[in-house]
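**Student:** got a predicted structure plus its sequence, pasted below:
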Amino acid sequence: MSDKKSLQTTLVHSDYKAPEGFSAFPTGIHHASTVLFKNVAALRARNWQDKTAYTYGLHGTPTSFTLEARLAEIEDGKHCLLAPSGLAAIALTDLALLKSGDDVLIPDNVYNPNREMGNWLAREFGIAARYYDPLIGAGIAALIQPNTKLIWAEAPGSVSMEVPDVPAICKAAHDKGVVVALDNTWSAGIALRAFDMGVDIVMQALTKYQSGGADVLMGALITRDRELHRKLELAHMRLGMGVGMDDVYLVLRGLPTLKMRFDAHDAGARKVAGWLKTRPEVAKVFHPAIADCPGHETWKRDFTGAGGLFSVLFDARYSEEQTDRFIDNLTFFKIGYSWGGAGSLCVPYRMQTMRRNWTESGQLVRFNIGLEDPQDLIADIEQALKAL
Ligand SMILES: *Cc1c(COP(=O)(O)O)cnc(C)c1O
């Protein structure tokens with residue numbers, strides 16, 4: 001038959017088959033919208049939720065199945081779903097688990113777009129979104145109502161860095177049958193064993209440490225409970241949340257070095273934060289390993305390490321104009337959002353507009369410590385402090 005094919009058909013249907021048994025470290029990049037079936041019976045028999053084979057590109061290829069399985073392994077979970085961004089994973093959780101009349105509790109220090117999502121649900125979808133003190137711990141029991149279906153936690157909050165008592169929140173939630181979702185991005189699934197703390201859904205912005213390249217956006221939801229996974233999976237399917245396999249490959253490429261990079265970010269951040277703590281220009285250093293940080297004792301109890309992200313509260317005598325000038329004068333620290341890549345970053349935050357009960361005075365500046373030599377970063381900060 002191949003002899004009779006026209007060139008045009010040959011361009012679409014080749015006789016070539018790559019030899020089987022190819023073996024290498026990386027997972028291949030399998031692109032597909034259409035997945036092919038051997039015959040009609042195979043197509044009819046296929047259930048898209050069954051992960052032992054393939055159905056359609058949106059439900060995954062060997063590349064995305066591999067990333068899902070590896071992320072579940074890292075977190076010590078069982079199931080994983082990929083989303084086009086960390087924020088998409090947050091939104092997916094809300095849409096999968098909440099309906100009109102329900103109530104969701106969100107920490108007051110949460111990653112701000114998560115709060116924006118909560119406000120949207122409250123404004124347009126008839127869902128009550130309430131914000132709680134991130135240090136509330138077991139006290140959250142008093143906030144749980146019969147219609148409370150979901151509690152978000154973030155450990156630590158990625159701007160003001162309070163470390164919540166995750167086990168206490170989970171216990172109070174489970175006593176009343178409420179699901180807990182944790183944004184575990186800061187510790188990359190390495191420094192906090194979330195499922196052992198009682199968390200039901202682990203959310204990761206793979207955009208940060210898992211990728212490590214500052215060049216890809218992706219999110220993940222990891223669970224141990226099959227029924228919970230099913231709910232998330234149905235919403236994932238209905239919303240059509242696909243990810244590009246080239247992007248999946250970039251994240252897979254980051255995994256072998258994830259812990260070594262994380263440990264290097266951790267060591268660098270502790271050096272720089274420790275040095276900032278000695279400076280007269282600085283009032284407080286909100287790094288979970290430093291006693292200034294609310295929840296420091298909880299961090300010591302629950303975490304085995306720290307990420308590269310922390311914030312500094314400048315002495316109240318410095319105006320926003322002065323601290324902005326400080327940031328502009330940094331050389332190695334670039335100005336921009338996100339974190340987890342090799343390059344150090346610095347961003348100012350206006351806490352009074354972000355938080356309900358922010359009582360600190362002084363400008364808050366967030367640092368992401370990259371993989372540069374920490375001594376060079378310290379020297380950079382030292383020269384920029386003169387601009388104050
Ligand atoms: C970056 C980030 C997100 C969102 O991830 P994107 O991929 O940028 O949408 C969510 N939570 C935290 C704590 C983050 O730092």
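**Tutor:** Received, thanks.

**Student:** assign a three-state SS to residue 242, would you?
**Tutor:** Each residue gets one of three states, and residue 242 gets coil by DSSP: H, G, I helix; E, B strand; the rest coil.

**Student:** likewise for residue 285?
**Tutor:** Taken by three-state DSSP, the conformation at residue 285 corresponds to strand.

**Student:** what about the nearest residue to it once chain neighbours are set aside, how many residues nearby?
**Tutor:** Nearest residue to residue 285 in three dimensions, chain neighbours excluded: residue 277, at 4.7 Å (Cβ to Cβ, 6 or more residues apart in numbering). Any C-beta I mention is one placed from the backbone N, CA and C, and that applies to glycine too. Using other Cβ atoms under 10 Å, residue 277 has 15 neighbouring residues.

**Student:** so who does residue 277 touch?
**Tutor:** Residue 277 makes contact with 285, 290, 292 under the criterion Cβ atoms under 8 Å, 6 or more residues apart in numbering.

**Student:** mind checking how far residue 89 is from residue 185?
**Tutor:** Distance of residue 89 to residue 185, given as Cβ to Cβ, to the nearest Å: 10 Å.

**Student:** check residue 52 too.
**Tutor:** Distance, residue 52 to residue 185, by Cβ to Cβ: 30 Å.

**Student:** so these two - more neighbours on which side?
**Tutor:** Using other Cβ under 10 Å, the more surrounded residue of residue 52 and residue 185 is residue 185, with 28 against 6.

**Student:** okay, residue 3: pLDDT?
**Tutor:** With respect to pLDDT, residue 3 has a value of 68.

**Student:** sorry, back to before: so what's in contact with residue 89 and residue 185 at the same time?
**Tutor:** Contacts common to residue 89 and residue 185, judged by Cβ under 8 Å, 6+ apart, are 203, 204, 205.

**Student:** now the second one. Nearest residue, chain neighbours left out?
**Tutor:** I take that to be residue 204. Counting by Cβ to Cβ, 6+ apart, residue 220 is the residue found nearest to residue 204 once chain neighbours are left out, at 4.6 Å.

**Student:** wait, the one you found touches residue 79, no?
**Tutor:** No: between residue 220 and residue 79 no contact is recorded; they are 10.5 Å apart, counting by Cβ atoms under 8 Å.

**Student:** mutual contacts of those two, please.
**Tutor:** residue 68.

**Student:** more neighbours, these two?
**Tutor:** residue 220 (28 against 21).

**Student:** okay, and the more buried one sits in which element?
**Tutor:** Using DSSP states H and E, residue 220 sits in strand 219-223.

**Student:** paired strands for that strand, with orientation please.
**Tutor:** strand 79-83 (antiparallel), strand 201-205 (antiparallel) (DSSP bridges).

**Student:** can you show me the CA trace of stretch 272-280 as PDB?
**Tutor:** Taking C-alpha atoms only, stretch 272-280 is exported to PDB below (Å, rounded to 0.1, in the frame of the first residue of the first chain):
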ATOM      1  CA  VAL A 272      21.500  37.700  53.800                       C
ATOM      2  CA  ALA A 273      18.500  37.900  56.200                       C
ATOM      3  CA  GLY A 274      20.900  37.400  59.200                       C
ATOM      4  CA  TRP A 275      23.100  40.300  57.900                       C
ATOM      5  CA  LEU A 276      20.100  42.600  57.400                       C
ATOM      6  CA  LYS A 277      19.000  41.800  61.000                       C
ATOM      7  CA  THR A 278      22.200  43.500  62.200                       C
ATOM      8  CA  ARG A 279      21.600  46.700  60.200                       C
ATOM      9  CA  PRO A 280      20.300  49.900  62.000                       C
END
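
**Student:** could you pull out the buried residues of it?
**Tutor:** Within stretch 272-280, the residues scored as buried using 16 or more other Cβ atoms under 10 Å are 272, 273, 275, 276.

**Student:** where does the chain dip in pLDDT?
**Tutor:** Segments of the chain classed as low confidence (criterion: pLDDT under 70) are 1-3.

**Student:** again, only this time at 50
**Tutor:** Applying pLDDT under 50 to the chain flags no residue at all.

**Student:** what parts of it come near the ligand?
**Tutor:** 85-87, 111, 154, 158, 183, 185, 205, 207-208, 217, 219, 338 (Cβ under 6 Å from any ligand atom).

**Student:** let's see it at 8 Å
**Tutor:** Taking Cβ under 8 Å from any ligand atom as the contact definition, the chain meets the ligand at 85-90, 111, 113-114, 154, 158, 183, 185-186, 203, 205-208, 217-219, 309, 337-340.

**Student:** next step: the residues you listed restricted to strands.
**Tutor:** The strands, defined by DSSP state E, take in 154, 183, 203, 205, 219, 309 from the residues of the chain next to the ligand.

**Student:** between the buried residues of stretch 272-280, which sits nearest the ligand?
**Tutor:** residue 273 (17.8 Å; Cβ to the nearest ligand atom).

**Student:** spatially nearest residue to the residue in the chain that the ligand sits nearest to (excluding sequence neighbours)?
**Tutor:** Residue of the chain nearest the ligand, by Cβ to the nearest ligand atom: residue 86 (2.2 Å). Of all residues beyond its chain neighbours, the one nearest residue 86 is residue 205 (2.7 Å), with distances taken as Cβ to Cβ, 6+ apart.

**Student:** ok, now residue 358?
**Tutor:** residue 351 (4.5 Å).

**Student:** run through the strands of this structure in chain order.
**Tutor:** Applying DSSP E to the chain gives strands spanning 79-83, 103-107, 128-132, 148-154, 179-183, 201-205, 219-223, 282-286, 309-314, 334-335, 345-349, 364-368.
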